[in-house]
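J.: next input, structure requested:
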Amino acid sequence: MDWLAPSLSLLVAIGLLVARSLPSSDAAERPPKPSWIAIGIGIGTAAILAIVAFVLRSDHQELADGLLYAAIGVVFMALMAFLEPGKTGAYERIIPLAIALGVFALFDQKGMKSAAPAVLGLVFGSGLSAVWFRFAAGCRWPSDAAWWLAAVGSANLLGAIGVGGKSALAGSSVGLVVIVAAVLGIGLGQFLPGKRAAGGVVFAVVAALGLWIVAKKHLFLIDIFWIGLLSIAAALAVAYLLGSDDSEPQPSPSSFLLSSIIWVAAATIAFGMLKGYGMAVGLVVGAAALAALGSTKGLLTMGPLFGLTAYRLFREQHTDSSRAFDIGQHYAMIGILIGLLLVLLLFDWARERTHRGSATAAAGVLLGVAGLGGLLASLVLLGPKGTVGLLVGIGLAPALAGWRGSRDTGALACAVGLLAAAAFAYGPLDPYLSLEREAKTKLLLWTVGIVLGLGAMVRALAGPMRQERG
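T.: Okay, the predicted model is just below:
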C-alpha cells in the first residue's frame, strides 16, 4: 500500500491537467514553453550526475544514491517545465504539487528510515534545477514542485526516524489529504461569493475532516490532526495579513516579519507535540494551505520553517555537529551571512535578467556551479558551527526576499535545494572538516579564485544585472 497515496495524487493531477482550461479570474499569459536547448541542458546535467553515481556506486553507496536521485530530480523538473501550460488556470498552484507527490511512489515504508541520502539528493537536484528552469525558461511549476518535494520528503523521513511504521509515509498521506482539499476549495470557490475567501473556508473544512480521518484511522496519532488544524489557522492568518499577491499597496515589512514569527511559533508548538516529525507535518499542511489560497508571499514567509525542519533532519543525521551550534561563535554568524548571500545572490541574478536565451541559460549553469562550489567550500571552511549557521541563513533568505517585494517561489526552491545539498554533502565531506589552518587557507584562496573566474564568465555571457521591478 506504500504506493497508494502517490498513485491517487497522480490520478488527481491527471484529472486537473484535463480540466486546467477552467477559467480563472487571475488568468494571464505565461512565457512560451522552454526551448529544447533548455530541456537538453537539463537532461545533460542529469546524465552527468547519473554517470558519476554509477562510477561511485561500489565505494560510496550513499553518495551514489544521492547523486542518482538528484539526476531523477533534474529530469522531473524538466518534465514539469514541459507540462506547464501557456496560461494560468484555477488549479495552477495545485497541479505541480499533485504530480510531485507521485514521485514518492519510488519509496517504501520499510526503507524510508535509511532513504535520507536519496530524498536529500532528490530535493537538491529538484531545487537547484527548478531555479534554473524558472529563470532560463520562465517556468513556475518546477519551483512549486521543488518546495513541495522538500516538505513531503521531510515529513516522511522524520516520521520514519521519530515514530516509524505508517508514519514513515505520513507526508504522502497528509499531502494527499490537503491536495484533495485544495482542489475542492478552489473548485467550489469558483461558484461561491468571495471566491478566495469561500475557497479558503471550504479548504479548511475538508482538510480538517480528512486530517482527522488520517490521524485517527490510519496513523493512529491524533496529534497529527491538531498540528494540521494549527497550521491551517496559521495559514489563514498569514494570508489575511499579507493579502493577495496582486493587492496594492504591498504589505509592510512588519507584516512579513509577523507572518514568519507565526510560523515559527506554530512550529514550536508542533515540536512540543511530536518533535521534528510534528514540525514537518505542519510544514506540509501550511504550505499546501497557502498554495490553495494563492499566497506566494505567504509561502516565502515559511522559509524559516523550512530551515528549522532541515535543521531537525540534519540533527538526526549528524548529532555531534548540530550540538556544536552557538550563535555567539564567529563561524556561526559567518555561516548565517553566507547562507543569506548564496540564496539572494542566485535569486537576484536570475530575477534581474532582461533577456532569456541560450547564453543566459549557459550563464545560469555556471552561476549554479559557482554557488554550489561556494556552499561545499563553506562546509569545509566553517566546520560544524558554521554549517548549522549556514542552514539558518539559507532558511531565512526566502523570507527576506519576500520582505523586499518578491512574488516568486524561486527563492524558496533555491533555498530547499541548497538546504538539501548541505545536509547531503556534509557526511561525504566529513574527512575534510578537520583540515589544518594552512590547508583551509589554500582552499579559501582556490575557492575565491574559481568563483571569481566563473563570475567573469557569467558576466561575459549574460551581461551585468539590470533591475526589473514589476
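J.: ok, S143 - contacts?
T.: Counting by C-beta atoms under 8 Å, 6 or more residues apart in numbering, S143 touches A130, V131, R134, D408, T409, G410, L412, A413. In short, each C-beta sits where N, CA and C put it, glycine included.
J.: from the residues you listed, which single one is nearest M457?
T.: Closest approach to M457 among the contacts of S143 (C-beta to C-beta): V131, at 18.6 Å.
J.: ramachandran angles for the closest one?
T.: V131 adopts backbone torsions of phi -60, psi -40, taken as degrees, to the nearest 10.
J.: got a list of what it touches?
T.: If you count contacts by C-beta under 8 Å, 6+ apart, then V131 has S143, L346, F347, A350, G368, G410, A413, C414, G417 around it.
J.: what do you get if the cut-off is 10 Å, keeping everything else the same?
T.: 77, 142-143, 146, 343, 346-347, 350, 364, 367-368, 371, 409-415, 417-418 (C-beta atoms under 10 Å, 6 or more residues apart in numbering).
J.: ok, it to L367 distance?
T.: 10 Å (C-beta to C-beta, to the nearest Å).
J.: ok, back up a step: make TSV from the contacts of S143 and add pLDDT to it.
T.: Formatted as TSV, those follow (pLDDT from 0 to 100):
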residue	pLDDT
A130	90
V131	84
R134	79
D408	78
T409	85
G410	83
L412	90
A413	91
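J.: now which of those would you call buried?
T.: Neighbour counting with 16 or more other C-beta atoms under 10 Å marks A130, V131, R134, D408, T409, G410, L412, A413 as buried within the contacts of S143.
J.: ok, so of these, who is nearest G185?
T.: Of those, the one sitting nearest to G185 (C-beta to C-beta) turns out to be T409, at 19.5 Å.
J.: which non-adjacent residue is nearest that closest one?
T.: Distances taken as C-beta to C-beta, 6 or more residues apart in numbering place S143 nearest to T409, at 4.5 Å, with adjacent residues excluded.
J.: rounded mean pLDDT for the helix or strand encompassing I51, please.
T.: Using DSSP states H and E, I51 sits in helix 36-56. When pLDDT is averaged along helix 36-56, the result is 86.
J.: show me what the helix or strand following it is packed up against.
T.: Proceeding N to C from helix 36-56, the next assigned helix or strand is helix 61-83, under DSSP H and E. On a contact count with 3 or more C-beta pairs under 10 Å, 6 or more residues apart in numbering; DSSP states H and E, helix 61-83 meets helix 36-56, helix 95-101, helix 116-137, helix 141-162, helix 410-429.
J.: could the ones you listed go into CSV alongside distance to L444?
T.: Below are the helices and strands packed on helix 61-83 laid out as CSV (distance: least, C-beta to C-beta, whole Å):
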stretch, distance to L444
helix 36-56, 25
helix 95-101, 38
helix 116-137, 23
helix 141-162, 30
helix 410-429, 15
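J.: which of the ones you listed sits closest to G294?
T.: Per C-beta to C-beta, nearest to G294 of these: helix 141-162, 11.6 Å.
J.: kindly format the C-alpha coordinates of the closest one as PDB.
T.: Taking C-alpha atoms only, helix 141-162 is exported to PDB below (Å, rounded to 0.1, in the frame of the first residue of the first chain):
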ATOM      1  CA  TRP A 141       5.800  24.800 -11.900                       C
ATOM      2  CA  PRO A 142       9.300  23.400 -11.200                       C
ATOM      3  CA  SER A 143       9.700  25.800  -8.300                       C
ATOM      4  CA  ASP A 144       6.400  24.800  -6.700                       C
ATOM      5  CA  ALA A 145       7.100  21.100  -7.200                       C
ATOM      6  CA  ALA A 146      10.600  21.500  -5.600                       C
ATOM      7  CA  TRP A 147       9.500  23.100  -2.300                       C
ATOM      8  CA  TRP A 148       6.600  20.500  -2.100                       C
ATOM      9  CA  LEU A 149       9.100  17.700  -2.500                       C
ATOM     10  CA  ALA A 150      11.100  19.100   0.300                       C
ATOM     11  CA  ALA A 151       8.100  19.400   2.600                       C
ATOM     12  CA  VAL A 152       6.700  15.900   2.000                       C
ATOM     13  CA  GLY A 153      10.100  14.300   2.000                       C
ATOM     14  CA  SER A 154      11.000  15.900   5.300                       C
ATOM     15  CA  ALA A 155       7.700  14.600   6.900                       C
ATOM     16  CA  ASN A 156       8.300  11.100   5.500                       C
ATOM     17  CA  LEU A 157      11.900  11.000   6.800                       C
ATOM     18  CA  LEU A 158      11.200  12.500  10.200                       C
ATOM     19  CA  GLY A 159       8.200  10.300  10.600                       C
ATOM     20  CA  ALA A 160      10.200   7.200   9.800                       C
ATOM     21  CA  ILE A 161      13.000   8.300  12.200                       C
ATOM     22  CA  GLY A 162      10.800   9.500  15.100                       C
END
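J.: what distance separates it from the centre of its chain?
T.: Offset of helix 141-162 from its chain centre (C-alpha atoms, centre = their mean, to the nearest Å): 8 Å.
J.: angle of that helix against helix 36-56?
T.: 30 degrees (axes from the mean of the first three to the mean of the last three C-alpha atoms, to 10 degrees).
J.: so which elements touch the next helix or strand after helix 141-162?
T.: For helix 141-162, the following helix or strand on the C-terminal side (DSSP H and E) is helix 170-189. Here helix 170-189 touches helix 4-18, helix 95-101, helix 141-162, helix 195-213, helix 222-242, helix 253-292, going by 3+ C-beta pairs under 10 Å, 6+ apart.
J.: got TSV for these, with distance to G335 and mean pLDDT too?
T.: Listed next are these as TSV, based on distance: least, C-beta to C-beta, whole Å; pLDDT from 0 to 100:
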stretch	distance to G335	mean pLDDT
helix 4-18	35	89
helix 95-101	29	94
helix 141-162	20	94
helix 195-213	36	90
helix 222-242	28	94
helix 253-292	19	91
